[in-house]
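Engineer: predicted structure and sequence below. I'll ask about it afterward.
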Amino acid sequence: MGVKAITINGSARVGGNTQVLLEVVGDVLKSGGIETEYIKIGGEPLRGCIACGKCKENKDGKCILTGDIVNEVIAKMYEADIIVMGAPVYFGSMPAEMNALLDRAGYASRPNMLLSRKVGGPITVARKAGQNFTYAQMLYWYMLNDMIVPGSTYWNVATAREKGEVLKDKEALGVMERFAQNLLWLGEKLF
C-alpha cells in the first residue's frame, strides 16, 4: 500500500486562489508518486461542533452530527498519511466551514489519537492581511493533534484576491513547492 495524501479546500470559490495553491502542492506530491485526492469543503453546509462529548464517549472516530460531509472527510483523513488544508482569510480568520471541520475532526479523533504522526500543514491566502493569524489557527490544530508539520522557505501564505491572482505571487508559489517537496521527502522517510 502506497502513501496517500489529501488536500482540503476551505474556500467556497471554485478555481480560486486557495485551490490554485493546493494544486501546486498536489502536483508535487503526485509527481513523487503519492496518490493525492482533492476535497472541497468550502461552500458546503457544515455544522459546527456542539461540544456534546459523544465522540469522547463513543471512541469510534466519528462525530454524531450527520447530514453533512464531515464524517466522510474525517474518514479520508484517517486513511491519509499526508493532510494539507488550505483556507482563504475571511474577516481576519478562516471560513466557518474550515473551522467546523477542524473542531469536529479534532474532537472525533482525539480519544484514540487517530491523526497522530500524520504529516501535513496549512496554507492560507488573503487579499492584504490576516494570513498569519489564519495560518496560526490552522497550525495549532495540527500541533494539538500530534501531527508532523514540515517547514518551507517562509510561511505557507500568499497574497491575492481575484481568481488566479495568486499566480503573480512568485515567492508564495516557491514556498508551496518547497513545502510540498518537504512533505514528499518526509513521506518517503516515514511511510
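Structural biologist: Cool, got the structure. Residues are numbered from 1 along each chain as shown.
Engineer: every contact and neighbour count from this point should use C-alpha atoms.
Structural biologist: Noted.
Engineer: chain center to the helix or strand hosting Gly26, what's the gap?
Structural biologist: With secondary structure defined by DSSP states H and E, Gly26 is part of helix 17-31. Distance, stretch centre to chain centre, for helix 17-31: 12 Å (Cα atoms, centre = their mean, to the nearest Å).
Engineer: avg pLDDT for it?
Structural biologist: Taken as a whole, helix 17-31 has an average pLDDT of 98.
Engineer: what's the answer for stretch 132-147, then?
Structural biologist: Along stretch 132-147, the predicted confidence averages to a pLDDT of 97.
Engineer: please identify which helix or strand holds the residue of the chain most remote from its centre.
Structural biologist: The outermost residue of the chain, judged against the average C-alpha position, is Glu57 (26.3 Å), by Cα atoms, centre = their mean. In this structure, Glu57 is located in helix 54-58 according to DSSP H and E.
Engineer: buried residues, that helix. List them.
Structural biologist: By neighbour count, and taking 16 or more other Cα atoms under 10 Å as the criterion, the buried residues in helix 54-58 are Lys54, Cys55, Lys56.
Engineer: my guess is the last one meets Ala108, correct?
Structural biologist: Yes: shown here, Lys56 and Ala108 form a contact pair, counting by Cα atoms under 8 Å, at 7.0 Å.
Engineer: contact partners for the residue lying closest to Met77 once chain neighbours are set aside?
Structural biologist: The spatial neighbour of Met77 that comes closest, neighbours along the chain excluded (Cα to Cα, 6 or more residues apart in numbering), is Ile83 at 6.8 Å. Under the criterion of Cα atoms under 8 Å, 6 or more residues apart in numbering, the neighbours of Ile83 are Ala5, Ile6, Thr7, Ile8, Met77, Lys118, Val119, Gly120, Gly121.
Engineer: nothing else from me, thank you.
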